[in-house]
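Asks: Quick check, what structure comes out for this input:
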Amino acid sequence: EAGGMKIHITLREITIMKTLHHDNILPLLEIVTSAPNQENKNRGNVYLVFEYMEYDFSGLFKTFKHKYQISEIKCIMYQILCGVGYLHKCNVIHRDIKTANILLNNNGEVKVGDFGLAKIINPSSNKQLTNKVVTLWYRAPELLITGGYYGIEVDYWAIGCIMRELVDGQPLFPGDNKLDQINKIQSIL
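Replies: Purely as a prediction, here's the structure:
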């Protein structure tokens, strides 16, 4: 459960999270299971225990109208890039980088979280991947237009969108649907 909401997670996702160890990646601390019971159709529950982080940037943008200084933006972006760079060295594409998945604690530490869409890739493979990833506002053009041949670059596009959002507090490409998203990207670029 996440905040009282049931979520579905695969063994693949748990495996990815358990193997990642970096200062800017939200660590999975423990996996706790409960005994099967009738309420759960004789299945048990699995609880994932993560390090506590006080904020996510999506919530901060909605709650506080804080104008970030350039030095703060540099520090935040450095930490995001270090975490995502580590993922890519481990051949993992996050595929859902957005402000809600960038977490901040009271010590100023930034961590990338939510690996529900993450994928371990073989960099030498030309295998087609699903393009039904990344929240629309942070989706790279190749995910909107092409059939699913993409790489780690989609994470960097999303990080660029977040950087711009840190500068002015507003999403860069707030599209309502796929076509509107393409039009917003084209009009700005």
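
Asks: In whichever strand or helix holds Leu60, which of the residues would be classed as buried?
Replies: Leu60 is part of helix 57-63 when elements are defined by DSSP states H and E. By 16 or more other Cβ atoms under 10 Å, the buried positions in helix 57-63 come out as 57-58, 60-61. Heads up, the C-betas are built off the backbone N, CA and C, glycines and all.

Asks: Next SSE downstream of it?
Replies: Toward the C-terminus, helix 57-63 is succeeded by helix 70-89 as the next helix or strand (DSSP H and E).

Asks: which residue ranges form the helices in the protein?
Replies: 11-19, 57-63, 70-89, 141-145, 153-168, 178-188 (DSSP state H).

Asks: what's the distance between Glu165 and Lys178?
Replies: 20 Å (Cβ to Cβ, to the nearest Å).

Asks: more crowded one of these two?
Replies: Comparing Glu165 with Lys178 by other Cβ atoms under 10 Å, the one with more neighbours is Glu165, at 22 against 13.

Asks: Next, the contact list for the more buried one, please.
Replies: Contacts of Glu165 were listed using Cβ atoms under 8 Å, 6 or more residues apart in numbering, and they are 57, 61, 99, 171-172.

Asks: for Trp137, same thing?
Replies: Residues in contact with Trp137 (Cβ under 8 Å, 6+ apart) are 98, 161, 171-175, 181.

Asks: Mind checking which of those are buried?
Replies: The neighbour count (16+ other Cβ under 10 Å) marks 98, 161, 171-173, 175, 181 as buried among the contacts of Trp137.
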